[in-house]
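Novice: got a structure for you, letters missing:
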């Protein structure tokens, strides 16, 4: 088999969904840090959203399964904790996908800018803790719908 270009590998990885938020890919989430060939071994570097993320092992299995399905035989997955992941690494496409999925994307001000359901700015925080440790729970005072807000890290 001819070794695929790293650009092609990035495209394959862009199709692998995050296990906790399947509307966004691991690439859009910004946790795939590097893809490189070292000899005949493909090395993929992954930075979890935080060091204790319970989805880290599932993410590694999903990456491996996706690449093996494309014929990659020699593969090394590296976990890189430094520099720590930040919400700044989310792509613009990823932010749009989060909002379309009903999760308010992170904002520098520390809270959502608008309701992902109705776009209202009349919001209130219900809890600093949401469905996963990286999210908080907010509610729109206009449509009354609760929603997750992806916290800035």
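Specialist: Thanks, I have it. Just so it is clear, the model here is predicted, and its values are computed rather than measured.

Novice: all contacts plus neighbour counts: C-alpha atoms, from now on.
Specialist: OK.

Novice: Distance-wise, check residue 150 relative to residue 105.
Specialist: Here the criterion is CA to CA, to the nearest Å. By it, residue 150 lies 5 Å from residue 105.

Novice: okay, which residue is most central for this protein?
Specialist: residue 29 (2.7 Å; CA atoms, centre = their mean).

Novice: The spatially closest residue to that one that is not a sequence neighbour: neighbour count?
Specialist: Leaving aside its chain neighbours, residue 29 sits nearest to residue 90 (4.8 Å; criterion: CA to CA, 6 or more residues apart in numbering). A count of nearby residues for residue 90, using other CA atoms under 10 Å, gives 19.

Novice: pretty sure residue 90 is touching residue 28, no?
Specialist: Yes: with contact defined as CA atoms under 8 Å, residue 90 counts as touching residue 28 (5.7 Å).

Novice: so what's residue 79 up against?
Specialist: 45-48 (CA atoms under 8 Å, 6 or more residues apart in numbering).

Novice: Tabulate these (a markdown table), appending secondary structure and neighbour count.
Specialist: As requested, those are arranged in a markdown table below (DSSP: H, G, I helix; E, B strand; the rest coil; neighbours: other CA atoms under 10 Å):
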| residue | secondary structure | neighbour count |
| --- | --- | --- |
| 45 | strand | 17 |
| 46 | strand | 24 |
| 47 | coil | 21 |
| 48 | coil | 26 |
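
Novice: Then residue 147 would be within a helix, right?
Specialist: No: going by DSSP: H, G, I helix; E, B strand; the rest coil, the assignment for residue 147 is strand, not a helix.

Novice: So which elements touch the longest helix along the chain?
Specialist: Ordering each helix of the chain by length in residues (DSSP state H) puts helix 56-69 first. When contacts are defined as 3 or more CA pairs under 8 Å, 6 or more residues apart in numbering; DSSP states H and E, helix 56-69 packs onto helix 6-13, strand 75-79.

Novice: Which of the ones you listed sits closest to residue 41?
Specialist: strand 75-79 (5.4 Å; CA to CA).

Novice: quick one: the next helix or strand after the closest one to chain centroid distance?
Specialist: The helix or strand immediately downstream of strand 75-79 is helix 92-101, counting by DSSP states H and E. With CA atoms, centre = their mean, to the nearest Å as the basis, helix 92-101 stands 10 Å off its chain's centre.

Novice: what does stretch 130-144 give?
Specialist: 18 Å.
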